[in-house]
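[1] how would this look folded up:
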Amino acid sequence: MSTKQLILFYLLCICLTGCSLIPGELKTAEDLINNQPDSALQILRNIPPNKKRSGASRALYGLLMTETLDKKKLPLKPDSLLDFSIAYYEEHPDKNRLATCYLYKGRAYKYNFQYEDATTCYLKAEDAVTDSENYLLLGKINSDIADIYLYQREYKKARQKYSEAYRYYCKAKSDKLAFSALISIGKSYNQAKSYKKALPYFQKVCNECSDSTIKVLAIQYIGINYYNSNQLDSALFYLRKVIKYPAVNYNRAIRHYYIADVFMDLNQVDSAYYYAKNAFNYEPDIRTQRECYRILVNAANAKGNIADLQKYMSSYQDCSDSIQKIDAQTKGSILETIHASKKEVFRNEQKVWHLRGLILLVLISSSMLGIFLIRRSRKERMQIQEVHTEEKVGIRKKVILDKRTVLQQKIEEIKTEQIHERKMVNVQEREAQIRKIYEDLLHINDQAFFFSEMDIVLNGMITKLRNRYSGIKPKELIWCCLYLLKIPSHDMLILLDYKSHNSLKMLKSRLSDKFELDNAALLGNFLRNILYED
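    Numbers count the residues shown, from 1 in each chain. Just a heads-up that it's a prediction; the model follows:
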């Protein structure tokens, strides 16, 4: 070998040594992530900073650390690790790793209920591996996108994505994930109230899956499916069957919540209270928290525990407000449509560079396309705003309806219990019984307390009316509340100390004048509009 060749050989060796991108520890950790995540995490945490100085090593380190933390159900922090990895793999193309980075970035957003940002990351991940044969990764991406659709109640789209994920998992020969996808398809039917269609998916997993964790999860959702279809005995059988089986915490919380709901429907208040309270030991998600607080509110109401009723009602309201903000985010399907449009625009722009002879035409076309996109974007933003407004009003109506329903159901229950007793007494005693029912439940004789409670139940109605109409009298405020609670006219006459319906008509006439309405028939719609506004 000549001297010149020898020098070139040594230079090549030096270059190759300098380009050694992946230290042995990172390779070992990468091999251990799927089967031994604890060992992988220990290795990654013990790697000194100088072992991951090169860009490639730092990028892989960030990806592996985030993937391992996700396997361990730990917070995906710090964000800077994965951000560096994304930037590196975009500059040094590695489609599978870039897509994996975006997948876990999307999960970090999803766990924090930032569904818009999560969807954007998932779509970028999908773009990176569109033509890939990495079926396992494609399955995960589709499954995570489906999760967003499911949270946003786009059940048909969620089902389509879960079905795609199932096909990819089958191609990847990942039975565990494939069965998980089947459970998710069943969940989409269950949440869409198609209980008969949901059940076969859960039963298929129970009959064919050998993984005990997935099998128990399927049994759990069989119980939930029976509960939602009002088959309480079957629901209780399956939910009790899995209550003690190990699972990730939020699933155990779901089991406790549904058992609590079954017991509440069976009027076993103490058991319902116990399981709803115990669900908080297992890190329930925000929606499970809200439903547990709902049960606790009903239990406290059934026991007549006003202090607990107020405390849990406040917590229920806080959860409802948080969920309202989460649900106000842009739908994933809209983001996917916008994303597809942007991709189409990008492809068109790429073609423009290859059509040099048609520069003038391209410029005109681009200008027109830009104007079209701006107009469409404005139109879509207006549509999104309208959807948000409708959803917010719908959520607010549901919360108010739930609160009113609790009171209405309790009033009807007491009246039903006393129906035989009322037949045996005279008119005066019957009126006294009716007064006592409303005094016990609403404390109607204590105006300050009654108005305070009505402000909670009726979305600040008392405060709104007092602020807007200074001349409104207490008895008129009480009528407004009783009307919105759908209290019968006969009971209103007794509670307002009126002898005839004419007195009630006169009160309504005075109110319509104060509200500047054309006639008293418009009072109902007027009050409901105030009830549901911010």
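
[2] Show residues contacting stretch 219-226.
    Stretch 219-226 has contacts (C-beta atoms under 8 Å, 6 or more residues apart in numbering) with 183, 186-187, 190, 195, 198-199, 202-203, 206, 232, 234-239, 241-242, 247, 251, 254-255, 258. From N, CA and C alone the C-beta is placed, and that goes for glycine too.

[3] Flag the shaky bits of the stretch 151-300 of the chain, pLDDT-wise.
    The model of the stretch 151-300 of the chain has no residue with pLDDT under 70.

[4] all helices in it, in order from the N-terminus.
    Per DSSP state H, counting those that start in this stretch, the stretch 151-300 of the chain carries helices over the ranges 155-171, 175-191, 195-208, 212-228, 232-242, 249-265, 269-278, 286-303.

[5] Put together TSV for those helices, with distance to Cys481 and mean neighbour count on each row.
    Output for the helices of the stretch 151-300 of the chain, formatted as TSV (distance: least, C-beta to C-beta, whole Å; neighbours: other C-beta atoms under 10 Å):
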stretch	distance to Cys481	mean neighbour count
helix 155-171	37	20
helix 175-191	35	22
helix 195-208	38	17
helix 212-228	33	21
helix 232-242	34	18
helix 249-265	26	22
helix 269-278	27	19
helix 286-303	18	21
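
[6] Between those, which one is closest to Thr337.
    helix 155-171 (11.0 Å; C-beta to C-beta).

[7] how far out from the middle of the chain is that closest one?
    Centre-to-centre, helix 155-171 and its host chain are 20 Å apart (C-alpha atoms, centre = their mean, to the nearest Å).

[8] residues in contact with that helix?
    Helix 155-171 has contacts (C-beta under 8 Å, 6+ apart) with 135-136, 138-140, 142-143, 145-147, 149-150, 175, 177-178, 181-182, 184-185, 188-189, 191-192, 332-333.

[9] Gln433: neighbour count?
    16 (other C-beta atoms under 10 Å).

[10] Please, which helix or strand holds it?
    helix 427-442 (DSSP states H and E).

[11] Kindly report the same for Leu531.
    Assigned by DSSP H and E, Leu531 falls in helix 523-532.

[12] Tyr498 now?
    Judged by DSSP H and E, Tyr498 forms part of no helix or strand.

[13] Name the nearest residue to Ala299, sequence neighbours excluded.
    Nearest-residue entry for Ala299: Tyr273, 4.2 Å, with adjacent residues in sequence omitted and distances by C-beta to C-beta, 6 or more residues apart in numbering.

[14] Chain neighbours aside, what residue packs nearest to the residue nearest the centre of the chain?
    The centroid of the chain falls nearest to Tyr151 when counting by C-alpha atoms, centre = their mean (4.6 Å). Nearest residue to Tyr151, sequence neighbours excluded (C-beta to C-beta, 6+ apart): Tyr115, at 6.6 Å.

[15] If you drop the residues flanking it in sequence, what lies closest to Leu296?
    Tyr312 (4.2 Å).

[16] Repeat that for Leu511.
    Closest to Leu511 by C-beta to C-beta, 6+ apart is Glu476, at 5.5 Å.

[17] And for Ile295?
    Ala276 (4.1 Å).

[18] if we can go back for a sec, pretty sure the residue nearest to Leu296 sits against Asn301.
    No. Look at Tyr312 against Asn301 with C-beta atoms under 8 Å: they stay out of range, at 9.3 Å.

[19] distance of Ala307 from Leu217?
    Using C-beta to C-beta, to the nearest Å, Ala307 is found at 38 Å from Leu217.

[20] helices or strands next to the helix or strand Lys27 falls within in the packing?
    Using DSSP H and E, Lys27 sits within helix 24-32. Judged by 3 or more C-beta pairs under 8 Å, 6 or more residues apart in numbering; DSSP states H and E, the packing partners of helix 24-32 are helix 37-46, helix 55-71.

[21] Deepest-packed of those helices, please.
    Greatest average neighbour count among the helices and strands packed on helix 24-32 goes to helix 55-71 (a mean of 22), per mean count of other C-beta atoms under 10 Å.

[22] Residues contacting the helix or strand just after that one, please?
    Per DSSP H and E, the first helix or strand lying C-terminal to helix 55-71 is helix 79-91. For helix 79-91, the external contacting residues (C-beta under 8 Å, 6+ apart) are 55-56, 58-63, 65-66, 76, 97-98, 101-102, 104-105, 108.

[23] hang on, the earlier thing: need the CA coordinates for the helix holding Leu531. CSV is fine.
    Extracted in CSV, the C-alpha atoms of helix 523-532 (Å, rounded to 0.1, in the frame of the first residue of the first chain):
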residue,chain,number,x,y,z
LEU,A,523,-92.1,34.6,30.0
GLY,A,524,-91.0,31.0,29.6
ASN,A,525,-88.7,31.5,26.6
PHE,A,526,-87.4,34.7,28.1
LEU,A,527,-86.4,33.0,31.4
ARG,A,528,-84.9,30.0,29.6
ASN,A,529,-82.7,32.3,27.4
ILE,A,530,-81.4,34.0,30.5
LEU,A,531,-80.9,30.6,32.2
TYR,A,532,-78.6,29.2,29.4
